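Trainee: A predicted structure for the sequence below; I have some questions about it.
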Amino acid sequence: MSIILSVLGKEPQLGNNCFVAPNATIVGDVVMGNDCSVWFNAVIRGDVNYIKIGNKVNIQDGAIIHCTYEKNATVIGNNVSIGHNAIVHGCTIHDDVLIGMGAIIMDRCEVHKHAIIAAGAVVTEGTIVEAGYVFAGVPAKKIKEVSEGLISGEINRIANNYIKYASWFKDVNNWPEK
């Protein structure tokens, strides 16, 4: 069964049609939009600051979403995919973004629309990821523009696929009642 806990009187709020895997953890001041999915072993920890997640966001297996005590909340826009084992910490992710597997986004970063963070990239503290670019490496640097093909073939395709994948689990008893 999923672990969904209140912390200091703040309870996670999940939107409609969200899937939370049986071993995922969501705690504290977390507000999640509609059509989201939180996959196996993912952790969303709104214990030291708030986390706001838009609509149609997938947080894949082993990903960690956290924030910084009294400093940096985490805000994630709509139509965002956060890859397996990624870490998103105390930053802002705008709409229509793909964060690759194992990527790390540090405090005070801002990832703008139609950006892709490559697998394994480390976006260091305070980095501004420009709209429409791929950032890769350690530390992450701008490497190329995001083409229309990458927007439709990767950013949108993955977000849409995760809505489909979540629907396969609809009969499991871990869909929030609405």
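Mentor: That came in fine, so what should we check first?
Trainee: lowest confidence element among the helices and strands of the protein?
Mentor: helix 148-150 (a mean of 91; mean pLDDT, DSSP states H and E).
Trainee: what comes up buried for that one?
Mentor: Residues residue 150 are the ones in helix 148-150 that count as buried (16 or more other CB atoms under 10 Å). C-beta: built from backbone N, CA, C; applies to glycine.
Trainee: what's the answer for stretch 14-30, then?
Mentor: Buried, per 16+ other CB under 10 Å, within stretch 14-30: 14-15, 17-21, 24-30.
Trainee: longest helix in this structure, please.
Mentor: helix 157-167 (DSSP state H).
Trainee: for that helix, packing partners?
Mentor: If you count contacts as 3 or more CB pairs under 8 Å, 6 or more residues apart in numbering; DSSP states H and E, helix 157-167 packs onto strand 37-38, strand 58-59, strand 81-82.
Trainee: now those strands as CSV including mean neighbour count and distance to residue 155?
Mentor: Formatted as CSV, those follow (neighbours: other CB atoms under 10 Å; distance: least, CB to CB, whole Å):
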stretch, mean neighbour count, distance to residue 155
strand 37-38, 28, 16
strand 58-59, 28, 12
strand 81-82, 28, 7
